[in-house]
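# Show me how the following folds:
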Amino acid sequence: MDDDGFRAKVRQVYRLQDTHLLVLEEDYRGDVGPGDRLEIALPSGASARTSVRDLAWGSAFHAQNPPLTLIVDLVEAEEPEAGAVVRIAS
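I've put the predicted structure just below:
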């Protein structure tokens, strides 16, 4: 992966009817936005691709990176879990 690309780890996952909410660890790096294609590591060792629909920024006093939640298309293969690596799909 390109060192300048987006890379994050999932803190929490919420499944809604047709989306997943991926709450990320605050040590993510790089930029991501609506329309970006992502690759998510799955518990089985496989990976799945999804697209960012939207994102939500949190607030944190003295945080270098504010908390970030990605709203992505539903990952059909298997449920992502905490600790999963998320990056821009190549």
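
# what distance separates the longest strand belonging to the chain from the centre of its chain?
The strand that spans the most residues within the chain, counting by DSSP state E, is strand 47-57. Computed by C-alpha atoms, centre = their mean, to the nearest Å, the chain-centroid distance of strand 47-57 equals 6 Å.

# Now do the contacts for Y28.
For Y28, the contact set (C-beta atoms under 8 Å, 6 or more residues apart in numbering) comprises 6-9, 65, 68. C-beta here means a position set from N, CA and C on the backbone, and glycine is covered the same way.

# same deal with L21?
Neighbouring residues of L21 by C-beta under 8 Å, 6+ apart: 13-15, 69-72.

# between those, which is nearest E39?
V72 (11.2 Å; C-beta to C-beta).

# re the thing from before, not counting the longest strand of the chain itself, show me its contacts.
19-20, 32-42, 66-78, 80, 89.

# Which of these are buried? Put it as a ChimeraX command.
Selection of buried members from the contacts of strand 47-57 for ChimeraX, criterion 16 or more other C-beta atoms under 10 Å:
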select :19,20,32,36,38,40,41,67,68,69,70,71,72,75,80
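
# Now, the contacts of strand 47-57 that are in strands?
Filtering the contacts of strand 47-57 for strands - DSSP E - leaves 19-20, 37-41, 68-73.

# thinking again about what came up before, make CSV from the contacts of L21 and add distance to S47 and pLDDT to it.
Listed next are the contacts of L21 as CSV, based on distance: C-beta to C-beta, whole Å; pLDDT from 0 to 100:
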residue, distance to S47, pLDDT
V13, 15, 95
Y14, 20, 94
R15, 18, 94
T69, 20, 94
L70, 16, 96
I71, 19, 96
V72, 14, 97
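
# Thank you kindly, that will do.
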